[in-house]
Each structure stands twice: as structure tokens, then as C-alpha cells.
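Asks: fold the stuff below for me.
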Amino acid sequence: MRKTFCFITCFVMISLFISSKVMGSEIYVYKNPYCGCCNNWIAYLKEKGYAVKSENTPMLPAMKEAVGITSELASCHTAVVDDYVLEGHVPAEDIKRLLEERPDIKGLAVPGMPIGSPGMEQGDIKERYDVIAIKKDGSTYVYSSHNN
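Replies: Prediction:
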């Protein structure tokens, strides 16, 4: 069982790395096929001008672990753009800033599923949330805050 998990983890990491190199600034989303908010986030990104592809996968938990997404950072989908991981409902303006500034980090996360974040709109209800930068050593800091 442990060997199988290690194989899957290595396969996922290599696949994510290769796909991010091949795709350039295309955003590739790994998601559960039954999650409507993931599809809403994808539609939002496309409206903002991003090229987005998605793949439904039953291996999402293993993928998250392989790229260093802890349970504290987790959301419903994981995406890759260039050499970065995007976890959850990251706003387009934060992705744009990430790709322009190119900080030496692993990626960005919006933990949970905050109401009012892109893809999680619920009418006039909007929660405050932070976008978290994930450093390569696994430590984190607040990259941006959204008060909606």
C-alpha cells in the first residue's frame, strides 16, 4: 500500500510539473466532477481572459498532498499555472500579480470555500477572506486580503 501511494505521489508531482512547463500561463484545474463551485471558478477565470483546462480526478487528496497542500490550506480544487499551485477560489487579480511578480513561492491558497470568493457567490452575502502564499518550505503568509 505504501509503495502504491509513493508511486501515485511521484506520478502526480511529475505530471503537474510537466503540465505546468508545457502549458505556460494556461491554468489547469484538477477537480471533483460533482463540484459546481469549481466549474463556477473556471467560468470566472475564463471571463477574466485566462485559458483554462480542467480534469476530473478521484485522486484529488493525493494530488493535494503531493504538491504540499495541507488540510489547513485545502479547498475543493487544485490548479497549476506555470510553476505555481493554486488551491481553491483564488481571485484573478491575485493570479495576475503572482504571474507578474513571480515570487519564489510554491503557490497561493484560499482555504475552505469563503462565500463571496470567485465561484462561491451567494447573492449579497460576502465573507472576508485571505489569499495565503505558500513558501517552498511549507510556511505561509498573507498574500492579500479581500473584504468584498
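Asks: mind picking out the helix or strand in the protein with the poorest mean pLDDT?
Replies: helix 2-23 (a mean of 48; mean pLDDT, DSSP states H and E).
Asks: what about stretch 51-59, start to end distance?
Replies: For stretch 51-59, the separation between the terminal residues is 23 Å (Cα to Cα, to the nearest Å).
Asks: how about residues contacting it?
Replies: Surrounding stretch 51-59, the residues in contact under the criterion Cβ atoms under 8 Å, 6 or more residues apart in numbering are 8, 12, 23, 25-33, 38, 42, 45-46, 63. The C-beta positions use only the backbone N, C-alpha and C, and glycine is treated the same way.
Asks: put the buried members of those into a ChimeraX selection.
Replies: Here is the ChimeraX command that selects only those of the contacts of stretch 51-59 that count as buried (16 or more other Cβ atoms under 10 Å):
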select :12,27,28,29,30,31,38,42,45,63
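Asks: strands paired with the helix or strand just after the least confident helix or strand of the chain, and their directions?
Replies: As assigned by DSSP states H and E, the chain's next helix or strand after helix 2-23 is strand 27-31. The pairing partners recorded for strand 27-31 under DSSP bridges are strand 52-56 (parallel), strand 78-81 (antiparallel).
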